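how does the following fold in three dimensions:
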Amino acid sequence: MMRTFIIPAVVVVVFTFGAVTLMATAPVLEPAAQTPIPVTVRIRQVQPESVQLKVHSQGTVMPSTESQLIPEVSGRIVWMSPKLVAGGYFKTGELLARVDELDYRNTRDRAQAALGRAEAEQQHAAFEYKRMVSLAERQLTSRSQLETALRGLRVAEATLQDARVSFEQARQNLERTEIRAPFTGLVRAENVDIGQFIARGTPIATLYASDLVEVRLPIADRQLAFLNLPPTLRGELPENLQPAVELTTEYAGQRLQWQGRIVRTEAEIDISSRMVQLVARVSNTEASTPLSVGLYVEAAIEGLTADNIVILPRSALRNDDQVLIVDKDDKLRFRDVQPLRLYQDNVLVKSGLSGGDRVCLSPIQTAIDGMTVNPVVEEA
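Numbering: from 1, shown residues only. Here you go, the predicted model:
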């Protein structure tokens, strides 16, 4: 009976003592604070600088002068220059076509004969008038005869003047049978051939000048703020206010480039695109490679010079007008800035940053003001 109670009791006591001993000698776990690992970010130490602003556009090259070749006399075409074809190149004053001149030469010769007859009549009338004046001074002729001689002289002088004008007109008409180029350029189209009768004032070809070409460049009105242009000036710009423009294109596997000037602004604003049209002019006489009409080109227009500008990647701008600054303790700080312009992949900041500021360039999804980071300097 005693075994039944004593042995279990001893076992319970032994196990209880062992458990208490284990609990008393067990190690104590003390909580340890974990040190967060700073996020590594790319930074750029900025320095304000002066920036030459540019405005970009594109357009198609057009001739600065284009006109129709119109004969000033009527007649049959008896000769045509081989250059009077579409794409033909000619120089100022070069003979392009000739009208049959026979009738005009005969008219000139008749006018020249009439001029000689009028000169003889005028000389005779002048001599008679002088003779009558001499007789009148000696009272050997009447007043009526003197006035008749004077009238005859005036009629002869008028006839002579008319003959001179007729001769000059006939001479010019004879010269106009030779149709010459009014400027240096190329033929866009021609619609006449040898043997065809042409009437005075009928266009026979379309020509355009090649020494100067122009490009119409559409510019948004907000982009005009970056150009040194008077806001209310329309028409031709003074030479000192003409911005430089660089035109480039890819043609025949080569990248070609030309330099020109913005010479005028068009008065009207395009009602569909709300664009202002600037006109760039390029001199082909000064270019190593002529700028061809019809070529599509891209334009970079020289604008104002902005001072104290900080250039950053566009990705550095947050919430449109904030950037992240890494202070001297390597902590992130939000900074309000005032962007001047978004240009290509960069943002131009005109205020809010000082020289030596370290700007965070890394895209941090959750940025907290005061967060410690590990900055890595990146060169601009």
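
show me where pLDDT drops low in the stretch 151-300 of the chain?
By pLDDT under 70, the low-scoring segments of the stretch 151-300 of the chain are 231-234.

now do the strands in it.
178-180, 185-190, 197-198, 205-209, 212-220, 235-236, 244-251, 254-269, 275-283, 296-313 (DSSP state E, counting those that start in this stretch).

which non-adjacent residue is nearest Leu69?
Closest residue in space to Leu69, ignoring its immediate chain neighbours: Ala205 at 4.1 Å, by CB to CB, 6 or more residues apart in numbering. Using the backbone N, CA and C atoms, a C-beta is placed for each residue, glycine as well.

do the same with Leu212
Distances taken as CB to CB, 6+ apart put Ser64 closest to Leu212, at 4.1 Å, once the chain neighbours are dropped.

and Ile204, by the same measure?
That would be Val192: by CB to CB, 6+ apart, it lies 4.0 Å from Ile204.

what's the answer for Glu236, then?
Arg264 (4.8 Å).

that neighbour is in contact with Ala280, isn't it?
No. Assessed by CB atoms under 8 Å, Arg264 is found out of contact with Ala280, at 9.5 Å.

those two: which is more packed in?
Neighbours per residue (other CB atoms under 10 Å) separate Arg264 from Ala280, with Ala280 holding more: 28 against 18.

so what's that one bridging to?
Beta-bridge partners for Ala280, by DSSP bridges, are Val215, Ile262.

could you check how far it is from Ser288?
Distance, Ala280 to Ser288, using CB to CB, to the nearest Å: 18 Å.

same check, this time on Glu236
Glu236 is 27 Å from Ser288, by CB to CB.

so for the two, which sits in the more crowded spot?
Per other CB under 10 Å, whichever of Glu236 and Ser288 has more neighbours is Glu236, with 11 against 7.

for the residue lying closest to Asn173 once chain neighbours are set aside, helix, strand, or coil?
The spatially closest residue to Asn173, leaving aside those adjacent along the chain, is Tyr104, at 5.0 Å (CB to CB, 6+ apart). Applying DSSP: H, G, I helix; E, B strand; the rest coil to Tyr104 yields a three-state assignment of helix.

could you dump stretch 328-335 to CSV, C-alpha only?
Extracted in CSV, the C-alpha atoms of stretch 328-335 (Å, rounded to 0.1, in the frame of the first residue of the first chain):
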residue,chain,number,x,y,z
LYS,A,328,25.6,66.4,-44.9
ASP,A,329,24.3,63.7,-42.6
ASP,A,330,23.4,61.5,-45.6
LYS,A,331,19.7,62.0,-45.1
LEU,A,332,17.1,62.6,-47.7
ARG,A,333,15.4,66.0,-47.8
PHE,A,334,12.7,67.2,-50.1
ARG,A,335,13.5,70.5,-51.8
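
what's it in contact with?
Stretch 328-335 has contacts (CB atoms under 8 Å, 6 or more residues apart in numbering) with 38, 318, 322-327, 352-353, 357, 360, 364, 367-375.

among those residues, which ones are in strands?
Among those, the ones falling in strands (DSSP state E) are 322-326, 360, 373-375.

and of the residues you listed, the nearest to Ala170?
Using CB to CB, Val323 comes nearest to Ala170 of those, at 82.7 Å.

wait, the closest one sits on Val310?
No. Contact criterion CB under 8 Å: Val323 and Val310 do not qualify, at 9.3 Å.

okay, and His124 sits in which element?
helix 102-137 (DSSP states H and E).

what residue spans form the domains of the protein?
Using automatic domain parsing, the domain parsing of the chain gives 42-51+307-377, 55-64+209-305, 101-176.

okay if I get those as CSV plus distance to Gln196?
Formatted as CSV, the domains of the chain follow (distance: least, CB to CB, whole Å):
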stretch, distance to Gln196
domain 42-51+307-377, 57
domain 55-64+209-305, 26
domain 101-176, 16
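
brilliant, that's me finished.
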